[in-house]
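Enquirer: Coordinates for the following, if possible.
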Amino acid sequence: MELQNLEAFLQVARERSFTRAAAALFLTQPSVTARIQALEQEIGRPLFERRGRTVRLTEAGEAFLPYAQRALQLIQEGASAARETEGRGTVLVGATVSAATAILPDLLEAFRRERPGARVVVRYGHSNEVVEMLRDGLADVGFVVRPLHEPLIAVEPLVADDIVLLTPPRHPLSRRRRITPRDLVGQTLISMQWGEGFEEFERWMQEELGLRSAIEVDGIPLGVILIARGMGVGFAPHRSVAAYVRAGMVRVRVVRDLPTAQREVFLALRRVGRLPATVQAFVELVRRQFRREAASAGSPKPDARTRPAG
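Expert: Numbers count the residues shown, from 1 in each chain. Next up, the predicted model:
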């Protein structure tokens, strides 16, 4: 039974689509189909059934799924253990885009200094997708912005991040010392999906202030570029935009009396199984760095160059 066929099976089961699975594996759809067919011939039963545009596991597929997950995890653990003997282990990281942007640059820089021979692979997804990556063995470590309750996944809070207003550098609001939500009436709003609390925040802006976003994007980088071009203003977690602020692309301001003043980033790990040495070293670095930050500041504070005025 070939490893690539198991990987294709798990990806199709997770995506419920041959097309999306092929994109995730950087393969053509016929290649994924051929791998699934080879696996089905080996097992002697169909593993998927098509219902319109969606794909579902058959009864045989449902029965096979946990064993495929376990087999792939064991193979990955074995390969990782072999690489560990040379100090060249791999850390598979699953993260939301906003969480990755907020905390991974500093962590990866520090980890490279500690383990120059190690390899890190980062995959993006929404919080529930990151949990699925952990469950399926496609990630060793997860960073999410929702404390999802999964029996096999342990979640611990890492850091709280202030929600701030982004403006173009020369925007009138960028020079205001005190800003309230009412000051945003009449402004063009660019919405950036930043995770837990975003939908409620948007609903509050619409119901309380009558503000509806002119442009909504699924992620922060494009939103920052649009704001930097003077197309509007928007809200985002401060850590996720700190690099853009340091580069002078946008400015940040605190807006008082927001319904959501912060969002939290969580570390997610599987509860079962022993972590390979390289993964354990990465997890210890994460915990150490944020314990140190909490001890030195009591709560996260941006540096002088990126501190939002308010």
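Enquirer: what's the helix or strand of the chain with the lowest mean pLDDT packed up against?
Expert: The helix or strand of the chain with the poorest confidence is helix 59-84; it has a mean of 81 (mean pLDDT, DSSP states H and E). If contacts are counted by 3 or more CB pairs under 8 Å, 6 or more residues apart in numbering; DSSP states H and E, helix 59-84 sits against helix 3-15, helix 277-297. Bear in mind the C-beta positions are built from the backbone N, C-alpha and C, glycine included.
Enquirer: number of nearby residues for the residue lying closest to residue 33 once chain neighbours are set aside?
Expert: Closest residue to residue 33 apart from its sequence neighbours, by CB to CB, 6 or more residues apart in numbering: residue 18 at 6.0 Å. By other CB atoms under 10 Å, 20 other residues sit near residue 18.
Enquirer: Let me see the contact set for residue 18.
Expert: With contact set as CB atoms under 8 Å, 6 or more residues apart in numbering, residue 18 has these partners: 12, 29, 32-33, 36, 55.
Enquirer: for those, which one is nearest residue 135?
Expert: Distances from the contacts of residue 18 to residue 135 were compared by CB to CB; the smallest belongs to residue 12, at 15.7 Å.
Enquirer: what sits against the spatially closest residue to the closest one that is not a sequence neighbour?
Expert: Computed as CB to CB, 6+ apart, the closest residue to residue 12 that is not its neighbour in sequence is residue 21, at 4.3 Å. Listed by CB under 8 Å, 6+ apart, the contact partners of residue 21 are 8, 11-12, 14-15, 32.
Enquirer: In CSV: these, plus neighbour count, pLDDT and distance to residue 193.
Expert: As requested, those are exported to CSV (neighbours: other CB atoms under 10 Å; pLDDT from 0 to 100; distance: CB to CB, whole Å):
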residue, neighbour count, pLDDT, distance to residue 193
8, 24, 90, 29
11, 23, 90, 24
12, 26, 91, 26
14, 19, 88, 21
15, 19, 87, 20
32, 27, 91, 28
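Enquirer: Need the max-distance pair from those residues.
Expert: Across the contacts of residue 21 (CB to CB), the longest gap, 12.5 Å, separates 14 and 32.
Enquirer: from the helices and strands packed on helix 59-84, which stretch is densest packed?
Expert: For the helices and strands packed on helix 59-84, average neighbour numbers computed from mean count of other CB atoms under 10 Å are highest in helix 3-15, which has a mean of 20.
Enquirer: tilt between that helix and helix 59-84?
Expert: Angle, helix 3-15 to helix 59-84, by axes from the mean of the first three to the mean of the last three CA atoms, to 10 degrees: 120 degrees.
Enquirer: got the CA positions of whichever helix or strand comes after helix 3-15 in PDB?
Expert: Next along the chain after helix 3-15, taking DSSP states H and E as the criterion, comes helix 18-25. Taking Å, rounded to 0.1, in the frame of the first residue of the first chain, the C-alpha atoms of helix 18-25 are listed here in PDB:
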ATOM      1  CA  PHE A  18     -11.200  15.600  -5.700                       C
ATOM      2  CA  THR A  19     -10.500  19.100  -7.200                       C
ATOM      3  CA  ARG A  20      -9.700  20.700  -3.900                       C
ATOM      4  CA  ALA A  21      -7.700  17.700  -2.800                       C
ATOM      5  CA  ALA A  22      -5.600  17.900  -6.000                       C
ATOM      6  CA  ALA A  23      -5.000  21.600  -5.400                       C
ATOM      7  CA  ALA A  24      -3.900  21.000  -1.800                       C
ATOM      8  CA  LEU A  25      -1.500  18.200  -2.900                       C
END
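Enquirer: As a check, name the ranges of all helices in the protein.
Expert: Under the criterion DSSP state H, the chain carries helices at the ranges 3-15, 18-25, 29-43, 59-84, 97-114, 127-135, 198-209, 220-228, 238-246, 277-297.
Enquirer: so which of the ones you listed comes closest to residue 161?
Expert: helix 238-246 (4.8 Å).
Enquirer: Show me which positions of that closest one end up buried.
Expert: 238-242, 244-245 (16 or more other CB atoms under 10 Å).
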